[in-house]
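# Sequence and predicted model, in that order:
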Amino acid sequence: MKNRSVARLLYAHQMDMGGMPIRQPLPTQQVEQIDPFLLLHHANIKVPTHINPDHAGVGPHPHRGFSPVTFIFQGGVHHRDSRGHDSVVYAGGAQWMNAGMGMIHSERPPQDIHEKGGRQEIIQLWINTPQKNKMDQPAYFAVQAEEVPTTTSDDRKVTVNVFSGDLVGLHGLVPSQTIVNAATLSLVKDGKISVPLPPHHNAFIYLLDGELNIEGYGLAEALHLVHFKNDGDGISFSARKDTRVLLLSGEPLNEKVVSYGPFVMNNQTQIMEAMRDYQMGKMGVLIEE
């Protein structure tokens, strides 16, 4: 296996998103997207005890034309949407929504969040949808921790959880409209791994914490996204400290991206249509009980 070299390191600067502190390594001023990946938000939030969990988090909002995907690392997320889906996914699981022609959803802490430690740590990733699928019927997939295909290294120092695609001999459960490999990894100090990747895929890893030594490059620290060049068929790294990692690779769509808020389409007319359809109620209605 020929290891890919590193194209760039992107730091996850802190931002305010509607009063919620989040970290965003993608997009940045240098990088608009790592096709087909459009956005990555990392949030680690103490849920307030004086607010009912049903009123905390993110209230109803629409999406069209891409997949908002949430990986849960601490606590849980209660998802409800205008297509009738209603589920709570806890730490170690993921919620994967193909927004398609349009869906309204909310993302709240679960009622038992304070029994689970009172903290929500999540990553939300936006994956672009191919033009031919942007107006498909929406779909939602909830994957709990115990359902995720998992493998652990012989020395017990590296654990890999695969949510979608095919990595390290495992097949993820989520059928994505875009061809992607999505996994989380936990490495204890001195744990090492080599991960084969399709050479034509764009790929990156994001470090939630810890430190890695990237083979052929060197140190990558917590809260950095490591974007790899397309010059090899895999990546290799080892942990300098205990480290949690999100790993993504995807087949680039090479299509024009026009976005406005929660809508990601291919031209401005489609954005206007999305706004009109949302206002006319064509994406459904979500009334939270």
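Noted; the coordinates are in hand. Quick caveat: nothing in here was measured; it's all calculated off a predicted structure.

# Tell me the spacing between residue 29 and residue 10.
Noted for residue 29: a distance of 10 Å to residue 10, by CB to CB, to the nearest Å. C-beta coordinates here come from the backbone N, C-alpha and C atoms, glycine included.

# So if I had to pick from the two, which one is more boxed in?
Taking neighbours as other CB atoms under 10 Å, residue 29 and residue 10 compare with residue 10 leading, 22 against 5.

# Name all residues that make contact with the more buried one.
Contacts for residue 10 (CB atoms under 8 Å, 6 or more residues apart in numbering) come out as 25, 26, 28, 30, 31, 224, 225, 227.

# repeat for residue 122
Going by CB under 8 Å, 6+ apart, residue 122 touches 42, 43, 70, 71, 72, 73, 75, 77.

# just those now: which is nearest residue 19?
Comparing the contacts of residue 122 against residue 19 with CB to CB places residue 43 closest, at 11.9 Å.

# looking at this, that closest one is in a strand?
Yes: counting by DSSP: H, G, I helix; E, B strand; the rest coil, residue 43 falls inside a strand.

# surely it meets residue 19?
No: checked against CB atoms under 8 Å, the pair residue 43 and residue 19 is beyond contact range at 11.9 Å.

# so how far is residue 166 from the closest residue to residue 178 other than its chain neighbours?
Nearest residue to residue 178, sequence neighbours excluded (CB to CB, 6 or more residues apart in numbering): residue 36, at 4.9 Å. Look at residue 36 and residue 166: by CB to CB, they are 17 Å apart.

# Between those two, which has more neighbouring residues?
For residue 36 versus residue 166, the count of surrounding residues by other CB under 10 Å is larger for residue 36: 27 against 13.

# Show me the residue at the heart of the chain, geometrically.
By CA atoms, centre = their mean, the chain has its centre lying nearest to residue 125, at 2.9 Å.

# host element of it?
strand 119-128 (DSSP states H and E).

# Which residues are in contact with the residue nearest to residue 53 when sequence neighbours are not counted?
Nearest residue to residue 53, sequence neighbours excluded (CB to CB, 6+ apart): residue 109, at 4.2 Å. Contacts of residue 109 were listed using CB under 8 Å, 6+ apart, and they are 47, 53, 56, 57, 75, 76, 77, 78, 120.

# Cross those residues against strands and list the overlap.
Judged by DSSP state E, strands contain the following of those: 76, 77, 78, 120.

# how far is stretch 86-105 from where the chain is centred?
With CA atoms, centre = their mean, to the nearest Å as the basis, stretch 86-105 stands 11 Å off its chain's centre.

# Quick check: end-to-end length of it?
Stretch 86-105 has an end-to-end distance of 10 Å (CA to CA, to the nearest Å).

# buried set for that stretch?
Within stretch 86-105, the residues scored as buried using 16 or more other CB atoms under 10 Å are 87-105.

# Restricted to strands, list those.
Of the positions in the buried residues of stretch 86-105, 87, 88, 89, 90, 94, 95, 96, 97, 98, 103, 104, 105 sit in strands, assigned by DSSP E.

# Between all of those residues, which two are separated the most?
Farthest apart among these by CB to CB are 90 and 104. That separation is 23.4 Å.

# how about the helices in this protein?
268-279 (DSSP state H).

# beta partners of the residue lying closest to residue 59 once chain neighbours are set aside?
Excluding the flanking residues, the one nearest residue 59 by CB to CB, 6+ apart is residue 106, at 5.4 Å. Beta-bridge partners of residue 106, counted by DSSP bridges, are residue 80.

# Check the gap between residue 106 and residue 81 for me.
To residue 81, residue 106 is 8 Å away according to CB to CB.

# got it, and residue 184?
For residue 184, the distance to residue 81 - CB to CB - is 24 Å.

# coming back round to it: with the contacts of residue 109 in mind, which one is nearest to residue 284?
Distance to residue 284, by CB to CB, is smallest for residue 78 among those, at 18.0 Å.

# if we can go back for a sec, OK, contacts around the residue nearest to residue 59?
Contacts for residue 106 (CB under 8 Å, 6+ apart) come out as 57, 58, 59, 60, 61, 78, 79, 80, 81, 286, 288.

# got a pLDDT number for it?
The score at residue 106 is 92. That number is its pLDDT.

# same thing with residue 286?
Confidence for residue 286, expressed as pLDDT, is 81.

# burial measure for it, as a count.
18.

# quick one: it and residue 62, what's the gap?
Using CB to CB, one obtains 9 Å as the distance from residue 286 to residue 62.
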